[in-house]
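**Q** sharing a model prediction with you, sequence too.
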Amino acid sequence: MAKPRDDQRIDLLQGTLDMLVLRTLQWGPQHGHGIGQAIRAQSDDLLRVETGSLYPALHRLEKRGWLKAEWGVSEANQRAKYYHLTAAGKAQLSRERDRWSQLVGAIGRIMNPAGSE
């Protein structure tokens with residue numbers, strides 16, 4: 001698939017980044033840079049998370065008890081902080097998925113009202 005142009009990239013809705021981080025960590029522990037890369041890869045390069053957004057989100061999620069962090073060594077043999085989901089984080093991800101489904105449904109009803117077109 002061809003890479004999207006910068007003007008084709010999608011800005012994340014407020015709060016969506018937290019859900020994407022939690023979902024990414026459901027696949028296993030990862031360091032911050034890896035989380036950003038995973039979101040980018042899984043979205044076919046449509047979503048890019050800037051460092052200035054990602055790390056504050058990771059700290060916020062850790063403070064809420066949804067993530068736990070430990071220092072380790074990255075694939076590039078660099079010291080890195082690895083994040084993993086806590087039980088509370090898994091429960092929050094479930095709530096976020098439910099809310100996301102409701103949001104998608106509501107937007108779908110507005111964009112494609114029954115009986116139109």
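**A** Sure, I can see it.
**Q** C-alpha from now on. contacts and neighbour counts both.
**A** Fine.
**Q** and the closest residue to His31 other than its chain neighbours, bridged to which residues?
**A** Among residues not flanking His31 along the chain, Tyr82 sits closest, at 4.3 Å (C-alpha to C-alpha, 6 or more residues apart in numbering). Beta-bridge partners for Tyr82, by DSSP bridges, are His31, Glu70.
**Q** for Tyr82, give me its contacts.
**A** 29-32, 69-72 (C-alpha atoms under 8 Å, 6 or more residues apart in numbering).
**Q** so what's the residue count around Ala57?
**A** For Ala57, the count of nearby residues is 16 (other C-alpha atoms under 10 Å).
**Q** helix or strand for the nearest residue to it once chain neighbours are set aside, which one?
**A** In space, Ala57 comes closest to Asp18 once its chain neighbours are excluded; the distance is 6.5 Å by C-alpha to C-alpha, 6+ apart. Here Asp18, judged by DSSP states H and E, is contained in helix 16-26.
**Q** quick one: buried residues of that helix?
**A** 17-26 (16 or more other C-alpha atoms under 10 Å).
**Q** do you know the pLDDT at Gln8?
**A** What the model reports as pLDDT for Gln8 is 55.
**Q** likewise Glu75?
**A** Reported pLDDT for Glu75: 87.
**Q** what about stretch 69-80, how long is it end to end?
**A** 10 Å (C-alpha to C-alpha, to the nearest Å).
**Q** for Ala87, give its distance to Ala69.
**A** 14 Å.
**Q** okay, these two: which has more neighbours?
**A** Higher neighbour count among Ala87 and Ala69: Ala69, with 18 against 12, using other C-alpha under 10 Å.
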